[in-house]
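Undergrad: need coordinates for the below:
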Amino acid sequence: MTTAVARPGRARYGAARAASVVLRYLLLAVLVLFALLPFVWMVITAIKPPSEVYTTPITWWPSAPSLDSFVTVLTKTDFPRVVANTLVVALSTAVVSTAIALLAAYGLSRLASRRAQTLVLALLFAQMIPTVLLVLPYFLIFRTLGLVDTLAALVITNISFATPIATWLLRRFIGKVPQDLDNAAMIDGCTRIGALWRVVIPAARSGVAAVFFYAFLVAWHEYLFALSLTQSASNRVVTLSIASLVGEYSVSWGQLMALGLLVALPLIVLFLLVEKSLVEGLAGSVKG
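TA: Next comes the predicted model:
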């Protein structure tokens, strides 16, 4: 009798659990579709002929899909030079910021344990200063140094903003690497830098990848300082190029969306290359 009663109860529990799983996946699917909707709408707008972009009512799919907007962006604008400039700025920022953050995080984790928390908090508090308040001081400094309207000014600026957060993130990863490994490497003849390079960095490579990607994104998406510190077309970056398509009386929506998609491609490729390490790194940062 007890078995007969237990079986229906167990069956109801299994059905309720299955319904909960289905509901969870349905909710997740809705959230994913909601997140992808802007990207899908960018694609649809980019392949619309110009005559259909402004038609009412809205056409959800173009009657005659066209790649004219992409062709115009690639052949009649300075897109190649703009992307090259942005890659120079973003890669330089990512490499230098990651290198500085590695040294700083290693020092905070291994050599300054008593005051490390105070220094880390100071780094984080410095990030709370509104960016717009720093535009004029940076401009005056770079004008004195003769670096206004150069890519070097953008690289230095982006490094100053990316390095504090990168240091904070990397300190958590390096702190999880046992210090005995450093000591063993130095006993075998390594210097501090040698131990960092041969032991610590390989052990914390997921964190290094996450920080590199973060610094790259900071430089790739930066707009305010690019607008303030550069004037010539030869030093234009992608954010300024996108903004230039928004006019006072009209917006080139097709070209704007096409350029946005083309600009997103390097980020997608980089994300696919470091996806595994990035996910591991961000998960480790949250746990830490």
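Undergrad: could I get the full set of strands for the chain?
TA: Applying DSSP state E to the chain gives no strands.
Undergrad: so where's it uncertain?
TA: Applying pLDDT under 70 to the chain picks out residues 1-14, 112-114, 116, 248, 275-288.
Undergrad: top helix in it by residue count?
TA: Among the segments of the chain that qualify as a helix by DSSP state H, the longest is helix 2-46.
Undergrad: from the chain's centroid, how far away is that helix?
TA: 30 Å (C-alpha atoms, centre = their mean, to the nearest Å).
Undergrad: repeat for stretch 165-185
TA: 23 Å.
Undergrad: what is the end-to-end distance of it?
TA: The first residue of stretch 165-185 is 28 Å away from its last residue (C-alpha to C-alpha, to the nearest Å).
Undergrad: residues in contact with that stretch?
TA: By C-beta atoms under 8 Å, 6 or more residues apart in numbering, the surrounding residues in contact with stretch 165-185 are 97-98, 100-102, 104-106, 108-110, 116, 120, 123-124, 127, 192, 194-196, 198-200, 203-204, 206-208, 210-211, 214-215, 281, 284-285, 288. For every residue, glycine as well, the C-beta is placed using N, CA and C.
Undergrad: now with 6 Å, please.
TA: If you take C-beta atoms under 6 Å, 6 or more residues apart in numbering as the criterion, stretch 165-185 is touched by 97, 101, 104-106, 108-109, 120, 195, 199-200, 203-204, 207, 211, 215, 285, 288.
Undergrad: likewise for stretch 48-64?
TA: For stretch 48-64, using C-beta under 6 Å, 6+ apart, the contacting residues are 47, 66, 253-254.
Undergrad: I'd like these laid out as JSON lines, including distance to residue 175.
TA: Listed next are these as JSON lines, based on distance: C-beta to C-beta, whole Å:
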{"residue": "47", "distance to residue 175": "49"}
{"residue": "66", "distance to residue 175": "54"}
{"residue": "253", "distance to residue 175": "48"}
{"residue": "254", "distance to residue 175": "50"}
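Undergrad: which one of the residues you listed has the most neighbours?
TA: residue 254 (23 neighbours; other C-beta atoms under 10 Å).
Undergrad: list the contacts of it.
TA: Residue 254 neighbours (C-beta under 6 Å, 6+ apart): 50, 53, 69.
Undergrad: what is the neighbour count of the first one?
TA: A total of 14 residues lie near residue 50 under the criterion other C-beta under 10 Å.
Undergrad: any chance you could map the helices in the stretch 101-250 of the chain?
TA: For the stretch 101-250 of the chain, the helices defined by DSSP state H, counting those that start in this stretch cover 116-126, 135-145, 151-176, 179-187, 192-195, 201-203, 205-221, 224-229, 238-243.
Undergrad: which positions in the third one come out as buried?
TA: It refers to helix 151-176. Using 16 or more other C-beta atoms under 10 Å as the test for burial, helix 151-176 gives 151-159, 161-175.
Undergrad: coming back round to it: any chance of the helices of the stretch 101-250 of the chain in CSV with distance to residue 29 as columns?
TA: Formatted as CSV, those follow (distance: least, C-beta to C-beta, whole Å):
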stretch, distance to residue 29
helix 116-126, 36
helix 135-145, 43
helix 151-176, 31
helix 179-187, 44
helix 192-195, 48
helix 201-203, 37
helix 205-221, 27
helix 224-229, 37
helix 238-243, 31
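Undergrad: minimum distance to residue 270: which of those has it?
TA: Residue 270 sits nearest to helix 205-221 of all the helices of the stretch 101-250 of the chain, at 6.6 Å, using C-beta to C-beta.
Undergrad: centroid residue for the protein?
TA: Centroid check for the chain by C-alpha atoms, centre = their mean gives residue 217 as the closest residue, at 3.2 Å.
Undergrad: that one: what's it in contact with?
TA: Taking C-beta under 6 Å, 6+ apart as the contact definition, residue 217 lies against nothing.
Undergrad: mind redoing it with 8 Å?
TA: The neighbourhood of residue 217, defined by C-beta under 8 Å, 6+ apart, consists of residue 267.
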